[in-house]
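Visitor: after the sequence you'll find the predicted model.
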Amino acid sequence: MKAGRRTITPQADLGLRLTATGFTRRAGLKMLAALPLAGAEISSADAGKAHTPSRTGTAAGHDGAPIRFKIYGRGTRFLMLRHATDSALNHLVDRYRVIMIDYLDDPKPYTLTPAAVTADHLKVADAAGAERFAYYGYSWGAVCGLQLAIRTHRLTALMCGGFPMLEGPYEEMLTVTTEHAAAAERSGKDFAARRQYLTYYQTLRGFDDRQAQASISCPRLCVVGADDVVRFPDGRPLARFGESVRRHKAELEKFGWTVRILPGKNHGTAREGDVIGPIIRPWLDANWQQT
């Protein structure tokens, strides 16, 4: 690994090994490394180190498993986050009632479809008392956000980071999740946790994100690091997210997206709270869709 530039591989994202922060560790089933095949979430337990939730609760997921959530802040506007740190919350809780989700505590190897994930998020919103809400997700959370936006009109704003909103690499993600699920089945380790993402991307086979743009009814923001490149474990590029968003920036803007490409940021650094917080807060203040 070269100093000054951190690369997160799909292997790291599946919890096999995390080297993106200058050290190596086992990540386990929470899959904290964060790429679009494993989720970019940092749990609400991490957020709670500096912020005390005003409320906690659970919602029943599509498979009956509980989905735990915490609410931070006492504003009148709800914002659902799939990824946040203390520093990000610092920019939000004075005005927004932030719903933080602990999702996928229980693997869902054969039922984790976009429709099921959307239904789970809406159940959390119902349990939190949020008839309408804004959504921010990063990496796999951004993939989920796009699917949420085309399936409901309850969003007041959509903010997606770390994944292209046009010409997304869905086939590439299907390839890598197939490989990882097969490897997990052979090894007998973490099969359910890895198989669920194969189910998710299998369901998205043939998904046309260009055609889907017409189904989004709220203001939308796309944020990506200019140097965001994800790679196979052997170093081959899997997808160049930053380059893809730059290439489609004009078309995204025609579809109504605000596009922010962050110089010098990669898949790991673009999601940091002190980077993303000052971007999403003023944008959300200015673009919240009134009922």
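Guide: That came through fine.
Visitor: helices along the stretch 51-200 of the chain, start to end?
Guide: Shown for the stretch 51-200 of the chain, the helices assigned by DSSP state H, counting those that start in this stretch span residues 86-90, 114-128, 140-149, 170-187, 191-203.
Visitor: can you say which of the ones you listed is packed in most?
Guide: Comparing those on average neighbours per residue, with mean count of other CB atoms under 10 Å, the densest one is helix 140-149 at a mean of 26. Where you see a C-beta, it was placed from the backbone N, CA and C, and this is true even at glycine.
Visitor: can you put the helices of the stretch 51-200 of the chain in CSV and add mean pLDDT and distance to residue 274?
Guide: Shown next, in CSV, are the helices of the stretch 51-200 of the chain (pLDDT from 0 to 100; distance: least, CB to CB, whole Å):
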stretch, mean pLDDT, distance to residue 274
helix 86-90, 84, 5
helix 114-128, 98, 26
helix 140-149, 97, 19
helix 170-187, 94, 28
helix 191-203, 97, 29
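Visitor: among these, which is nearest residue 69?
Guide: helix 114-128 (5.3 Å; CB to CB).
Visitor: other SSEs contacting the closest one?
Guide: strand 55-60, strand 66-72, strand 77-81, strand 96-102, helix 140-149, helix 191-203 (3 or more CB pairs under 8 Å, 6 or more residues apart in numbering; DSSP states H and E).
Visitor: swap the cut-off to 10 Å and go again
Guide: Using 3 or more CB pairs under 10 Å, 6 or more residues apart in numbering; DSSP states H and E, the elements in contact with helix 114-128 are strand 55-60, strand 66-72, strand 77-81, strand 96-102, strand 133-138, helix 140-149, helix 191-203.
Visitor: got a markdown table for these, with distance to residue 270 too?
Guide: As requested, the helices and strands packed on helix 114-128 are exported to a markdown table (distance: least, CB to CB, whole Å):
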| stretch | distance to residue 270 |
| --- | --- |
| strand 55-60 | 29 |
| strand 66-72 | 22 |
| strand 77-81 | 16 |
| strand 96-102 | 20 |
| strand 133-138 | 8 |
| helix 140-149 | 11 |
| helix 191-203 | 21 |
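Visitor: ok, which of these comes nearest residue 227?
Guide: Nearest to residue 227, of all the helices and strands packed on helix 114-128, is strand 133-138, at 15.7 Å by CB to CB.
Visitor: report the angle between the closest one and strand 96-102.
Guide: Computed with axes from the mean of the first three to the mean of the last three CA atoms, to 10 degrees, the direction of strand 133-138 lies at 50 degrees from that of strand 96-102.
Visitor: re earlier: distance to residue 267 added to the helices of the stretch 51-200 of the chain, as CSV?
Guide: Output for the helices of the stretch 51-200 of the chain, formatted as CSV (distance: least, CB to CB, whole Å):
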stretch, distance to residue 267
helix 86-90, 16
helix 114-128, 21
helix 140-149, 11
helix 170-187, 14
helix 191-203, 17
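Visitor: quick check: which of those helices is nearest to residue 266?
Guide: Per CB to CB, nearest to residue 266 of the helices of the stretch 51-200 of the chain: helix 140-149, 15.4 Å.
Visitor: elements contacting that closest one?
Guide: strand 77-81, helix 114-128, strand 133-138, strand 155-161, helix 170-187, helix 191-203, helix 209-212, strand 220-225.
Visitor: would you mind giving those as JSON lines with distance to residue 276 added?
Guide: JSON lines is the format used below for the helices and strands packed on helix 140-149 (distance: least, CB to CB, whole Å):
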{"stretch": "strand 77-81", "distance to residue 276": "10"}
{"stretch": "helix 114-128", "distance to residue 276": "20"}
{"stretch": "strand 133-138", "distance to residue 276": "8"}
{"stretch": "strand 155-161", "distance to residue 276": "6"}
{"stretch": "helix 170-187", "distance to residue 276": "22"}
{"stretch": "helix 191-203", "distance to residue 276": "23"}
{"stretch": "helix 209-212", "distance to residue 276": "22"}
{"stretch": "strand 220-225", "distance to residue 276": "7"}
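Visitor: report pLDDT for residue 226.
Guide: With respect to pLDDT, residue 226 scores 98.
Visitor: hmm, back to that, select, out of the helices and strands packed on helix 114-128, the one closest to residue 112.
Guide: Per CB to CB, nearest to residue 112 of the helices and strands packed on helix 114-128: helix 191-203, 4.0 Å.
Visitor: before we move on, back to that, how about the helices and strands packed on helix 114-128, which one is nearest residue 209?
Guide: Among the helices and strands packed on helix 114-128, if distance is taken as CB to CB, the winner is helix 140-149, at 6.9 Å.
Visitor: the helices and strands packed on helix 114-128: which one's closest to residue 214?
Guide: helix 140-149 (11.4 Å).
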